[in-house]
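**Student:** okay, predicted coordinates and the sequence, questions at the end:
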Amino acid sequence: GQNIDQPTEMTATEGAIVQINCTYQTSGFNGLFWYQQHAGEAPTFLSYNVLDGLEEKGRFSSFLSRSKGYSYLLLKELQMKDSASYLCAAPFGSGYNKLIFGAGTRLAVHP
Amino acid sequence: EAGVAQSPRYKIIEKRQSVAFWCNPISGHATLYWYQQILGQGPKLLIQFQNNGVVDDSQLPKDRFSAERLKGVDSTLKIQPAKLEDSAVYLCASSLGLAGVPYEQYFGPGTRLTVT
């Protein structure tokens, strides 16, 4: 079956660095997505990892370890606008074009 | 490029009433998804269309929910009759969706449904 776990809430200070972890169990594996969702808005794509290692994209980086079933999203130089939920999602099913989402991690950035 | 459009944005109905949501995906996207997102949870897939055919509706409560995608473009999701536990945000998403390759899904703004 499929299972995705991530912490429910995190808090951090403006300008700091925060790491949001995600552990997953999937039957078959074809990468891991991270989405950002501001309150009352739609999820928006942040990153997709299919190979082990760190992928950097500006202030956001995403890491994947397939052997450990583990990923994290690293947010640097935090800004108030980064306060949002961060959703980890794994493709599944024939064709791998369905996503199962974790419950999301609500990040609050304080001045 | 225009994004995924959804309407209405908000809807309040009484239990046992019916409601319909509309979605217009990004032009050229073959795959369309409807998700239900209950407060504090991640989106849960209800149904997936590839063009105008249903690929997966295993999590759609078919006794009360129905969906269609006529002509392989717009889609409607209907609930009849609604229950209190249907209160949620209903998200529509679309992707290029070629089989075997996970594609980024683009989400619409959602419809927030409140059942009283």
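**Tutor:** Ah, there it is.
**Student:** residues in contact with the helix or strand of chain A with the lowest mean pLDDT?
**Tutor:** The helix or strand of chain A with the lowest confidence, counting by mean pLDDT, DSSP states H and E, is strand A:98-101 at a mean of 90. Residues outside strand A:98-101 that contact it (CB atoms under 8 Å, 6 or more residues apart in numbering or on different chains): A:2, A:4, A:26, A:33, A:35, A:87-92, B:33, B:42-45, B:48, B:56, B:102, B:105. In this view, the C-beta of every residue, glycine as well, is placed from N, C-alpha and C.
**Student:** the same query, at a cut-off of 7 Å, please.
**Tutor:** The contact list for strand A:98-101 (CB atoms under 7 Å, 6 or more residues apart in numbering or on different chains) reads A:2, A:4, A:33, A:87, A:89-92, B:42-43, B:45, B:48, B:56, B:105.
**Student:** CA atoms only: put the helix or strand just after it into PDB for me.
**Tutor:** Note on strand A:98-101: by DSSP states H and E, the next helix or strand toward the C-terminus is strand A:105-110. C-alpha atoms of strand A:105-110 as PDB (Å, rounded to 0.1, in the frame of the first residue of the first chain):
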ATOM      1  CA  THR A 105       3.200  20.400   7.200                       C
ATOM      2  CA  ARG A 106       1.900  23.800   8.300                       C
ATOM      3  CA  LEU A 107       4.900  26.100   8.600                       C
ATOM      4  CA  ALA A 108       4.500  29.400  10.500                       C
ATOM      5  CA  VAL A 109       7.300  32.000  10.000                       C
ATOM      6  CA  HIS A 110       7.600  34.600  12.700                       C
END
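**Student:** so residue B:92 lies in a strand, does it not?
**Tutor:** Yes. Looking at residue B:92 with DSSP: H, G, I helix; E, B strand; the rest coil, it is inside a strand.
**Student:** quick one: residues contacting it.
**Tutor:** Going by CB under 7 Å, 6+ apart, residue B:92 touches B:4, B:6, B:23, B:32-34, B:75, B:108.
**Student:** 8 Å instead?
**Tutor:** B:4, B:6, B:21, B:23, B:25, B:32-35, B:75, B:77, B:107-108, B:110.
**Student:** nearest residue to it in space, please, no chain neighbours.
**Tutor:** With sequence-adjacent residues excluded and distances taken as CB to CB, 6 or more residues apart in numbering or on different chains, residue B:92 is closest to residue B:23, at 3.5 Å.
**Student:** just the CA atoms of the strand or helix carrying that neighbour, as PDB, please.
**Tutor:** Assigned by DSSP H and E, residue B:23 falls within strand B:19-24. Extracted C-alpha coordinates of strand B:19-24, given in PDB (Å, rounded to 0.1, in the frame of the first residue of the first chain):
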ATOM      1  CA  VAL B  19     -24.600  20.600  -5.800                       C
ATOM      2  CA  ALA B  20     -22.500  20.700  -8.900                       C
ATOM      3  CA  PHE B  21     -19.000  22.000  -9.500                       C
ATOM      4  CA  TRP B  22     -17.400  22.900 -12.800                       C
ATOM      5  CA  CYS B  23     -13.800  22.700 -14.000                       C
ATOM      6  CA  ASN B  24     -12.000  23.800 -17.100                       C
END
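**Student:** can you give me how far it is from the chain middle?
**Tutor:** Chain-centre distance of strand B:19-24: 7 Å, with CA atoms, centre = their mean, to the nearest Å.
**Student:** circling back: nearest to chain A, of the contacts of residue B:92?
**Tutor:** Proximity of the contacts of residue B:92 to chain A was ranked by CB to the nearest CB; the top entry is residue B:107 with 3.7 Å.
**Student:** thanks a lot, see you next time.
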